[in-house]
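Colleague: coordinates only, no sequence provided:
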């Protein structure tokens with residue numbers, strides 16, 4: 001048969017939300033490419049998705065239900081699997097009440113129909129769920145506080161910029177569609193700089209990289225703010241008309257001397273001066289933040305401080321300017337369909353401190369966990385606490401495609417489809433476009449979509465309100481954008497459509513706070529690290545080119561994970577490049593292969609995240625259970641480590 005091109009979208013946890021054109025031959029997925037419908041992502045996809053067929057047809061993929069018997073997985077039918085899952089839930093409810101069930105959902109897929117996971121458990125009467133976020137919790141809390149909304153500037157608006165600062169983001173691995181824009185701006189002589197403790201290949205697309213001390217971003221923002229005021233580079237009219245509490249920020253600034261702020265930032269006086277001149281003298285100048293800036297205990301305050309720079313200069317409200325991080329990927333969808341009003345029982349525990357909170361909640365204890373779209377054992381800080389919590393439960397039901405670290409704790413495995421086997425809609429947290437997801441191949445083996453699994457459970461438990469086809473639910477979920485001309489029918493026909501979302505959300509200085517004004521930070525309480533002499537290095541676990549969160553083939557995780565350090569790192573104990581060492585934190589230890597990189601700072605250990613504990617590649621085996629002060633964000637980068645000879 002002639003190869004056929006079928007359109008869908010990538011719903012994984014990413015700024016890009018790419019339109020995909022998949023090549024199918026004789027019912028088999030053979031190639032993944034970018035689609036032209038989205039002008040931002042146009043025809044470009046990352047290598048993780050380009051090789052997605054390897055994941056779909058991986059020999060390690062599980063495509064039939066299984067239960068664990070005497071520690072071993074045994075294949076069972078879907079009838080038995082649903083009976084076991086429903087039976088475990090009913091037993092827990094009868095003995096302990098609905099709060100003895102944990103519903104855990106993460107960001108393995110971020111498409112519209114995943115909202116119905118919440119609906120199912122609310123219709124069940126309400127169960128224990130999680131609050132906070134492993135990724136953007138601190139940033140969301142900060143932005144709600146100072147601007148009243150978690151919104152972004154349209155990334156295509158960067159073409160109006162006269163300067164761009166990319167702060168704590170590595171586009172080459174997390175935002176590849178920024179690269180052509182960065183290249184085009186630089187051709188026009190427009191400066192593009194990176195601020196990141198980690199040196200990356202994204203430097204090839206920028207004029208310069210500034211490498212502050214990890215967790216020094218707050219001090220850097222204060223140092224720039226102080227200079228902006230001293231050099232009269234602030235927009236006093238904007239501050240007067242569109243902000244409040246600027247006097248409180250100036251009091252914060254008076255607590256520090258310029259020289260102290262520069263030292264604590266980890267940059268030089270000259271570097272801070274360069275950044276001040278770039279941001280203070282260039283209009284419009286855009287700041288694009290990544291998730292890195294807020295992965296600290298004081299991450300929410302750091303994000304607030306960076307936004308303060310935008311408000312001080314007025315850049316935050318200008319076309320070509322803005323201070324952007326991410327937005328809500330479900331903002332286009334009718335979240336009232338979660339049916340939260342049907343949840344009679346409610347209890348929330350921290351997602352970032354899941355294992356610890358599960359130990360604390362004993363009235364009632366959680367006896368059954370239903371895990372969907374996540375691998376919490378590998379992804380949550382302090383993995384051992386999560387393992388201990390799951391081991392205490394009667395039943396751990398995992399919906400997945402692979403036997404992850406979490407599967408080692410599970411008792412029941414329900415095989416789900418990959419995104420190329422599903423009908424759904426994707427709305428990105430990095431741009432204003434929606435893209436239809438159509439199944440490009442039939443489900444592999446006995447795999448079922450998440451919606452089908454929930455509908456089977458609902459039928460078994462006699463829960464009404466989950467009935468309906470994927471397309472029927474999509475039409476309901478798209479209700480908020482019907483007025484934009486976006487319906488199930490129109491989106492399915494077009495493939496990708498742009499919402500009417502404002503490309504410059506704070507245009508004319510209008511914010512979403514109760515006063516309609518930007519609110520400046522009133523206090524900065526920088527996180528103080530304990531035992532720095534014993535654990536002198538920051539443990540930076542960043543996104544790489546191979547793993548998408550913990551979606552990483554086990555076959556890739558061979559040997560020891562590589563830990564990149566500067567050759568003059570004083571903690572290396574005379575280790576040679578390629579030698580085995582032990583990374584030690586207050587939470588645990590792991591073996592690594594030392595790799596020297598003289599482009600990195602001397603006070604960090606760099607490890608690419610996504611690895612699993614069972615292969616020895618799981619960095620969260622040694623991350624401390626730390627959380628941002630506001631927003632419940634996982635403070636991964638606040639873990640300190642030392643290097644020991646193994």
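Modeller: Yep, it's here. Bear in mind the structure is a predicted one, so any value in this text is a computation, not a measurement.

Colleague: other SSEs contacting the helix or strand bottoming out on mean pLDDT in the chain?
Modeller: Sorting the helices and strands of the chain by mean pLDDT, DSSP states H and E puts helix 47-50 at the bottom, at a mean of 90. Of the remaining helices and strands, those touching helix 47-50 by 3 or more C-beta pairs under 8 Å, 6 or more residues apart in numbering; DSSP states H and E are strand 28-34. Where you see a C-beta, it was placed from the backbone N, CA and C, and this is true even at glycine.

Colleague: return the list of helices and strands in contact with the strand it packs on.
Modeller: strand 19-25, helix 47-50, helix 52-56.

Colleague: list the contacts of the second one.
Modeller: So the one you mean is helix 47-50. Helix 47-50 has contacts (C-beta atoms under 8 Å, 6 or more residues apart in numbering) with 10, 12, 18, 20, 32-33, 545-548.

Colleague: pLDDT check: weakest of those?
Modeller: Minimum pLDDT across the contacts of helix 47-50 is recorded for residue 547, with 70.

Colleague: give the contact list for the closest residue in space to residue 207 that isn't next to it in sequence.
Modeller: Excluding its sequence neighbours, the residue lying closest to residue 207 (C-beta to C-beta, 6 or more residues apart in numbering) is residue 191, at 5.3 Å. Neighbour list for residue 191: 163-164, 207, 278, 282 [criterion: C-beta under 8 Å, 6+ apart].

Colleague: in this structure, which helix is the longest?
Modeller: helix 78-96 (DSSP state H).

Colleague: just the mean pLDDT for that one, thanks.
Modeller: 98.

Colleague: and it, which residues are buried?
Modeller: 78, 81-82, 84-86, 88-89, 92-93, 96 (16 or more other C-beta atoms under 10 Å).

Colleague: give me the next element, helix or strand, following it.
Modeller: Going down the chain from helix 78-96, the next helix or strand is strand 101-105, by DSSP states H and E.

Colleague: now for whatever helix or strand comes next after that next one, which elements pack on it?
Modeller: For strand 101-105, the following helix or strand on the C-terminal side (DSSP H and E) is helix 116-123. If contacts are counted by 3+ C-beta pairs under 8 Å, 6+ apart, helix 116-123 sits against strand 101-105, helix 450-460.

Colleague: give the rounded mean pLDDT of the shortest one.
Modeller: Okay, so that is strand 101-105. The average pLDDT for strand 101-105 rounds to 97.

Colleague: now what about it, what contacts it?
Modeller: 89, 92-93, 114, 117-118, 121, 124, 127-130, 349, 351, 354, 358, 366-374, 376.

Colleague: how far does it sit from the chain's center?
Modeller: The chain centroid and the centroid of strand 101-105 are separated by 19 Å under C-alpha atoms, centre = their mean, to the nearest Å.

Colleague: mind listing what's buried in that strand?
Modeller: 101-105.

Colleague: what does stretch 457-468 give?
Modeller: 457-458, 460-461, 463, 466.

Colleague: and the strands in the stretch 351-500 of the chain?
Modeller: For the stretch 351-500 of the chain, the strands defined by DSSP state E, counting those that start in this stretch occupy 368-372, 395-400, 412-415, 424-427, 433-437, 496-498.

Colleague: closest to residue 489 out of these?
Modeller: Closest approach to residue 489 among those (C-beta to C-beta): strand 433-437, 10.2 Å.

Colleague: let me know the closest of the contacts of helix 47-50 to residue 338.
Modeller: Within the contacts of helix 47-50, proximity to residue 338 (C-beta to C-beta) peaks at residue 12, which comes in at 21.6 Å.

Colleague: I'd say that closest one and residue 108 touch.
Modeller: Yes. Counting by C-beta atoms under 8 Å, residue 12 does reach residue 108; the two are 7.3 Å apart.

Colleague: got the end-to-end distance for stretch 123-130?
Modeller: One end of stretch 123-130 to the other measures 17 Å (C-alpha to C-alpha, to the nearest Å).

Colleague: from residue 82, how far off is the closest residue to residue 90 other than its chain neighbours?
Modeller: Distances taken as C-beta to C-beta, 6+ apart put residue 461 closest to residue 90, at 6.8 Å, once the chain neighbours are dropped. Distance of residue 461 to residue 82, computed by C-beta to C-beta, to the nearest Å: 10 Å.

Colleague: can you list the weak-confidence ranges in this structure?
Modeller: 1, 531, 570, 573 (pLDDT under 70).

Colleague: quick check: next helix or strand after the one helix or strand residue 130 maps to?
Modeller: For residue 130, the element it lies in under DSSP H and E is strand 128-131. Once the chain leaves strand 128-131, the next helix or strand it forms, by DSSP H and E, is helix 137-146.

Colleague: in terms of secondary structure, what does the helix or strand following that next one contact?
Modeller: Later in the chain than helix 137-146, the nearest helix or strand by DSSP H and E is strand 163-167. For strand 163-167, the packing partners by 3+ C-beta pairs under 8 Å, 6+ apart come out as helix 178-187, strand 192-195, helix 269-281, strand 285-289.

Colleague: and the contacts of whatever helix or strand comes next after strand 163-167?
Modeller: Using DSSP H and E, the helix or strand that follows strand 163-167 in sequence is helix 171-174. Helix 171-174 is contacted from outside by 14-15, 178-179, 182, 200-202, 204-205, 290-291, 542-545, using C-beta under 8 Å, 6+ apart.

Colleague: now with 7 Å, please.
Modeller: By C-beta atoms under 7 Å, 6 or more residues apart in numbering, the residues outside helix 171-174 that reach it are 15, 178-179, 200-202, 205, 290, 543-545.

Colleague: repeat that for stretch 249-261.
Modeller: Contacts for stretch 249-261 (C-beta under 7 Å, 6+ apart): 219, 222-223, 225-226, 308, 520-521, 523-524.

Colleague: and which of those is nearest residue 426?
Modeller: Using C-beta to C-beta, the shortest approach to residue 426 within the contacts of stretch 249-261 belongs to residue 308, at 33.0 Å.
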